[in-house]
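Colleague: Got a sequence here, can you build the structure:
(chains A and B)
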Protein chains: 2
Amino acid sequence: MEVDQSALLKKLESFRFVRQLNEDSFSKSVALLGKITDETTQKEEQGILLVEKLPFQASEIPDFVSSRLKDPKLFFNNDVYHWYKSNLDNCEAYPDVKMTLIYPATDVHVNKYSEQEAIMVRETPDMYEKVVVPYIKRFPVSRIQWVYNILDKVQESEKIIFEDPDPQHGFILLPDSKWDQTTMKALYLLVICHTRDIHSVRDLRSKHLELLRRIRAEIPRAVVARYPHVTEDQLKLYIHYQPSYYHFHVHVTHVGLSTSPGATSGKAILLDTVIDNIECIDPEYYAKCTISYVLGTNHGLYASIREYEDAKHDN
Amino acid sequence: MEVDQSALLKKLESFRFVRQLNEDSFSKSVALLGKITDETTQKEEQGILLVEKLPFQASEIPDFVSSRLKDPKLFFNNDVYHWYKSNLDNCEAYPDVKMTLIYPATDVHVNKYSEQEAIMVRETPDMYEKVVVPYIKRFPVSRIQWVYNILDKVQESEKIIFEDPDPQHGFILLPDSKWDQTTMKALYLLVICHTRDIHSVRDLRSKHLELLRRIRAEIPRAVVARYPHVTEDQLKLYIHYQPSYYHFHVHVTHVGLSTSPGATSGKAILLDTVIDNIECIDPEYYAKCTISYVLGTNHGLYASIREYEDAKHDN
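Modeller: Numbers count the residues shown, from 1 in each chain, chains lettered A, B, ... in the order given. Reported below is the predicted structural model:
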């Protein structure tokens, strides 16, 4: 590369900060606006500096704890979860990394945090009946108990932001545990329905329009009443398919949270689209449609879906 | 917080690395599996350590270039774009940040990198006719010229991976400029149709099923033939609405690219869903449906959509 290193380095060094244009705490990056004076013309010009933290390198990983950490500090712990912050070098003012230690860790933990391949699945109504329905029936009730505890006010009742108490068309709104409850652009809430009859979006029919419309009307109002720094049109309401538990619930996030893996197409279906499909297109839409989604190869459904597809090819 | 700091710090310090479970270069995080010996029982247990780089802090930003950078190095430059790497402290072996300097930067650059508010839009068929169709008609042809250059083999013909030359139902497949063409998990390709009659998903009807089915059948085969490290079921095919240009095209990415902002629901509609909607639900689906999407307030449609909605409220 034949470039004048020192002249181009001087450009960077003469960058004078004007203001921050943007930041992204997920990718750890910032966009800065500055001024740079051109060396030859002496004219001042705008410059934009995009700064992004680099990923960890393979070579620093094996001895990371013993060699890289400088003065780690514990800042919270709860049961098997321990949270620390630390520097990688000597600048105390700006900690470099956040760490979570899970100890002792079960194999379920190991599985959850292990790299996982994923495939696209095209779930026809027939595949739903033959593979997914039996899976839902086998799904251990114990894994939904936490939902029933919330609905029965046994747990987390102090967190409830809004409730429509109607047993058929009502629901509870509360913050999702993923949200720190302060960063408005990371706002993440959960709507859990009172009815226990809807397992997933596949069960939705015209008789559920009353429930869906109430969520659509009441939730944005309730969120803005509680968090006046967001507006109703900044909220995104969506449903997961496959969901992680088969009791109907709706995710409510800030539109700015677009890089969350759970907001991706092939996982998240907008509530507006669901209502429109049943109301304006076909009341039986979710009985007739093929739903395509991304499925991790560690998912409990993966083996049965592979089996179903192999059997189809054999015929 | 009443925790025994030193005992819990000792847990972290006694973490012995076994293997890396996962890494995410987008969020700059790794998941590590290790062993920790319990102090009292002397039993060895598994521990998982999640390490994530921290975002920049507001206080380090204003003097970032003058105070935080240690020995920055230029590694590439092209026109107004300059790329550097640098440490924030003294550990030369592991650079901390990557920087891009755009200089001189125009106001278009400033706008592009500035924080942008976004809202959710519910586009009814009526809003499409009254607001979006006129916007598409006003869209400068010059902004689509690069697409015609590809289709006419005036530009980028050496990049073409596959072509179905049928003028009505055919298309060209080539790598998207966002992709580095090496990282398979970041695979990003583009399918551009030969027909110039389809502006967006809104125009799709039964007569286009032949085109859509050909893409569905031929593209995965062509991608795997060229990139044997991916499999057909690892590919995600989707359409943007609103698209950034109104000549029908389809995005092809690796399923692992889930945190890309363009893969989010409210922006990306799966090709499978589009085919199913027209084929199995209603041939006029895209004439009848309401499409909901996230729209940046800098988007050329924003003002007219606001006007349309205000007028509706006044009636």
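
Colleague: C-alpha only now, for contacts and for neighbours.
Modeller: Fine.

Colleague: Quick check: residue A:175 touching residue A:157?
Modeller: No: applying C-alpha atoms under 8 Å as the test, residue A:175 and residue A:157 come out as separate, 11.3 Å apart.

Colleague: These two: which has the busier surroundings?
Modeller: Set residue A:175 next to residue A:157 and count neighbours by other C-alpha atoms under 10 Å in any protein chain shown: residue A:175 wins out with 18 against 14.

Colleague: Residue A:222 versus that one, what's the distance?
Modeller: Using C-alpha to C-alpha, to the nearest Å, we find residue A:175 at a distance of 12 Å from residue A:222.

Colleague: what residues are shared contacts of the two?
Modeller: Common neighbours of residue A:175 and residue A:222 (criterion: C-alpha atoms under 8 Å, 6 or more residues apart in numbering or on different chains): residue A:161.

Colleague: quick one, strands of the stretch 201-315 of chain A?
Modeller: A:235-240, A:249-254, A:268-270, A:291-296 (DSSP state E, counting those that start in this stretch).

Colleague: Let me have those strands in JSON lines, extended by mean neighbour count and distance to chain B.
Modeller: Formatted as JSON lines, the strands of the stretch 201-315 of chain A follow (neighbours: other C-alpha atoms under 10 Å in any protein chain shown; distance: least, C-alpha to the nearest C-alpha, whole Å):
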{"stretch": "strand A:235-240", "mean neighbour count": "24", "distance to chain B": "7"}
{"stretch": "strand A:249-254", "mean neighbour count": "23", "distance to chain B": "9"}
{"stretch": "strand A:268-270", "mean neighbour count": "22", "distance to chain B": "6"}
{"stretch": "strand A:291-296", "mean neighbour count": "22", "distance to chain B": "7"}
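
Colleague: could I get the ones you listed as TSV with mean pLDDT?
Modeller: Listed next are the strands of the stretch 201-315 of chain A as TSV, based on pLDDT from 0 to 100:
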stretch	mean pLDDT
strand A:235-240	97
strand A:249-254	96
strand A:268-270	97
strand A:291-296	95
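
Colleague: between those, which gets nearest to residue A:196?
Modeller: Nearest to residue A:196 among these is strand A:249-254 (10.5 Å), distances taken as C-alpha to C-alpha.

Colleague: Mind listing the strands that closest one pairs with, and their directions?
Modeller: Using DSSP bridges, strand A:249-254 pairs in its sheet with strand A:188-193 (antiparallel), strand A:235-240 (antiparallel).

Colleague: Now do the helices in chain A.
Modeller: Secondary structure of chain A (DSSP state H): helices at A:5-13, A:107-113, A:125-127, A:133-138, A:145-151, A:209-226, A:271-276, A:285-288, A:302-314.

Colleague: Residue numbers of the stretch 151-300 of chain A in contact with chain B?
Modeller: Contacts of the stretch 151-300 of chain A with chain B, taken as C-alpha under 8 Å from any C-alpha of the partner chain, map to A:233-236, A:255-256, A:258-261, A:263-266, A:268-270, A:272-273, A:276-277, A:280-282, A:285, A:288-292, A:294.

Colleague: Does residue A:13 touch residue B:66 like I think?
Modeller: Yes: the criterion here is C-alpha under 8 Å, and residue A:13 meets it with residue B:66 at 7.0 Å.

Colleague: quick one: contacts of stretch A:116-135?
Modeller: Contacts of stretch A:116-135 (C-alpha under 8 Å, 6+ apart): A:266, A:287-298, A:301, A:304-305, A:308, B:233-236, B:255-256, B:272.

Colleague: Flag the shaky bits of chain A, pLDDT-wise.
Modeller: Filtered on pLDDT under 70, chain A yields the residue ranges A:1-4, A:90-94, A:100, A:259, A:315.

Colleague: any idea how it splits into domains?
Modeller: According to the TED database, chain A comprises the domains A:5-102, A:116-314.

Colleague: rewinding a little: can I get the helices of chain A in TSV including mean neighbour count and distance to residue A:78?
Modeller: Shown next, in TSV, are the helices of chain A (neighbours: other C-alpha atoms under 10 Å in any protein chain shown; distance: least, C-alpha to C-alpha, whole Å):
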stretch	mean neighbour count	distance to residue A:78
helix A:5-13	15	45
helix A:107-113	14	16
helix A:125-127	15	41
helix A:133-138	12	31
helix A:145-151	16	18
helix A:209-226	17	28
helix A:271-276	20	35
helix A:285-288	19	41
helix A:302-314	12	33
